[in-house]
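Enquirer: The following block contains a protein sequence and its predicted model.
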Amino acid sequence: MFRRLSMMGIVVAGLAAAPVIPAAAAAGPQGKIAPAGQADISLSGVSCADPAHCLAVGQRTAATDPGSDVAQAWNGRSWRMVSVPSPGVLAGLGGVACTAPAACIAVGGYATAAGPARALAMSWDGSDWAVLPVPGPDNSEFRAISCGAPRSCVAVGDFLGTGRRTTLAEAWNGTRWRVLSAANTHSADSVLDAVWCGGPSSCLGVGTTRSPADITLTLAERWNGTRWTIDATASPGNELNVLSGVSCAPAPGARTRAAICVAGGYYLNRGQAFAAPLADKWTGARWVPLKPRDPGRGGSLLSVSCASPSGCMSVGGQFSSSGGPLAEAWNGTAWRVVPTANLGSRGNLVAISCPRPSRCMAAGEEFTGSGPARPLAEQWDGVRWRVTAAR
């Protein structure tokens, strides 16, 4: 229902024969990958203020306890579960942004037995949570958040109105949220899945929209502090095209101006069994298609983090014989596939945060046999990925 479920709903609908999460299979030798030793959990967002301070968020997936908020904190050595309030009978966190080790805002959605679903936002000070009332419309959810400064954040997602999904964007000024009227795509179905902000007047949002021919197309919008503008993006697939992650590296010496922005996703043509990775670069004037590597039998890029103009890392899932998560590095010129740590298992890395070019934390989920999802976290040290598990 919320970010993970909504995003996967798009994927499953477009890839009936080959969803981003491959069919469950036996775990490989790297099976112990739960960040805090918990099962029935999917992680959908992660943010690192620095390499020793990360917060990952998601939701429980167990049939006996579905859709309750989950958060885990990383201290540079191990993960610990962080108790999170769930304001409704069904809730989930989809994204998080941390501007300092003890200053994070997590977003998602919740529903109550008596009312419709609503967008959810909560702040975390390192020990306690505080719910931040969201004025947005009913039947809404946030999927991602980015903070250009401690008191300047934008959260994006969608809401259901007049029979169609419409993009949703709201800004946080440290005191309250206000709705930002996103550009109207005049589509039957439009969603913002990811956002990056360099400051109050500099944001990029990406997601999907629907064509009159019922093709899912990529969507990119820019916020200049006053209004959103839709930018032209490539949609190479004749059935499904998705941009699910975006990140920018600030220009040297600049606080809000970006030197490079990269968006990642995937596309599918009719009759193809597997989706292929998709990536675009924002030049400051237009989006230019990049050519990420296809790992062999298709894959998807679900999240991107750029720590420098020549250093971006993107993660997702793949459909090769070993399956499992996919990671690709962009050096400003070309992509290369970087083997993840848990080869042989099935799952995805859904979110990534790189506080430094050689330090990234990625989070997602793993499936073993016919059992429930388990949280997955891997850390990049500039040379290799390694699983981060509780001691």
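Expert: That came through, no problem.
Enquirer: What's the mean pLDDT across the helix or strand harbouring Cys248?
Expert: Using DSSP states H and E, Cys248 maps to strand 240-250. Across strand 240-250, the average pLDDT comes to 95.
Enquirer: Can you list the strands that the next helix or strand after that strand pairs with?
Expert: Using DSSP H and E, the next helix or strand after strand 240-250 towards the C-terminus is strand 258-268. When pairing is defined by DSSP bridges, strand 258-268 lines up against strand 240-250 (antiparallel), strand 276-282 (antiparallel).
Enquirer: Out of those, which is the most enclosed?
Expert: The highest mean neighbour count among those, using mean count of other CB atoms under 10 Å, belongs to strand 240-250: a mean of 26. Using the backbone N, CA and C atoms, a C-beta is placed for each residue, glycine as well.
Enquirer: so how far is that one from its chain's centroid?
Expert: Taking the mean of its C-alpha atoms, strand 240-250 sits 9 Å from the chain's own mean (CA atoms, centre = their mean, to the nearest Å).
Enquirer: Can you tell me how far the residue of the chain positioned farthest from its centre is from Met122?
Expert: Centroid-distance maximum for the chain: Ala114 at 29.4 Å, with CA atoms, centre = their mean. Ala114 sits at a distance of 21 Å from Met122 (criterion: CB to CB, to the nearest Å).
Enquirer: cool, and Trp74?
Expert: 18 Å.
Enquirer: Can you name the residues that contact Pro200?
Expert: Pro200 makes contacts with Gly148, Ala149, Ser152, Ala171, Gly225, as judged by CB atoms under 8 Å, 6 or more residues apart in numbering.
Enquirer: Repeat the analysis, applying 6 Å as the threshold.
Expert: Contacts of Pro200 were listed using CB atoms under 6 Å, 6 or more residues apart in numbering, and they are Ser152, Gly225.
Enquirer: quick one: pLDDT of it?
Expert: With respect to pLDDT, Pro200 scores 89.
Enquirer: do you know how far it is from Pro355?
Expert: In terms of CB to CB, Pro200 sits 22 Å off from Pro355.
Enquirer: Over to Gly199?
Expert: From Gly199 over to Pro355 the distance is 18 Å, taken as CB to CB.
Enquirer: And Ala329, by the same measure?
Expert: Using CB to CB, Ala329 is found at 16 Å from Pro355.
Enquirer: cool, Ala155 as well?
Expert: For Ala155, the distance to Pro355 equals 21 Å [CB to CB].
Enquirer: Between the two, which has more neighbouring residues?
Expert: Each of Ala155 and Pro355 had its neighbours counted (other CB atoms under 10 Å), and the higher figure belongs to Ala155 (34 against 19).
Enquirer: so who does the more buried one touch?
Expert: Val107, Phe142, Ile145, Glu170.
Enquirer: Which of those fall in strands?
Expert: Val107, Phe142, Ile145, Glu170 (DSSP state E).
Enquirer: so what's the last one closest to, chain neighbours aside?
Expert: Nearest non-adjacent residue to Glu170, counting by CB to CB, 6 or more residues apart in numbering: Trp177, 4.7 Å away.
Enquirer: Kindly report the same for the second one.
Expert: The spatial neighbour of Phe142 that comes closest, neighbours along the chain excluded (CB to CB, 6+ apart), is Val107 at 3.6 Å.
Enquirer: was I right about that neighbour contacting Ala144?
Expert: No. Assessed by CB atoms under 6 Å, Val107 is found out of contact with Ala144, at 7.2 Å.
Enquirer: can you list residues touching both of these two?
Expert: Gly95.
Enquirer: Show me where the stretch 201-350 of the chain has its strands.
Expert: For the stretch 201-350 of the chain, the strands defined by DSSP state E, counting those that start in this stretch occupy 202-210, 216-223, 228-231, 240-250, 258-268, 276-282, 287-289, 299-308, 311-318, 325-330, 335-337, 346-356.
Enquirer: Mind putting these into a markdown table with distance to Ser181?
Expert: What follows is the strands of the stretch 201-350 of the chain, written out as a markdown table (distance: least, CB to CB, whole Å):
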| stretch | distance to Ser181 |
| --- | --- |
| strand 202-210 | 13 |
| strand 216-223 | 10 |
| strand 228-231 | 7 |
| strand 240-250 | 20 |
| strand 258-268 | 22 |
| strand 276-282 | 22 |
| strand 287-289 | 22 |
| strand 299-308 | 26 |
| strand 311-318 | 30 |
| strand 325-330 | 33 |
| strand 335-337 | 35 |
| strand 346-356 | 27 |
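Enquirer: lowest-pLDDT helix or strand in this structure?
Expert: For the chain, counting by mean pLDDT, DSSP states H and E, helix 3-14 ranks last in confidence among helices and strands (a mean of 33).
Enquirer: what's the following helix or strand after that one?
Expert: From helix 3-14, the next helix or strand downstream (DSSP H and E) is strand 41-50.
Enquirer: Remind me what the helix or strand following that next one packs against, helices and strands.
Expert: Remark: after strand 41-50, the chain's next helix or strand is strand 53-60, criterion DSSP H and E. Contact partners of strand 53-60 among helices and strands, from 3 or more CB pairs under 6 Å, 6 or more residues apart in numbering; DSSP states H and E: strand 41-50, strand 69-74, strand 90-100.
Enquirer: Need those in JSON lines (columns: mean pLDDT).
Expert: Listed next are the helices and strands packed on strand 53-60 as JSON lines, based on pLDDT from 0 to 100:
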{"stretch": "strand 41-50", "mean pLDDT": "95"}
{"stretch": "strand 69-74", "mean pLDDT": "94"}
{"stretch": "strand 90-100", "mean pLDDT": "94"}
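Enquirer: and of those strands, who's closest to Leu376?
Expert: Among those, the nearest to Leu376 by CB to CB is strand 41-50 (6.9 Å).
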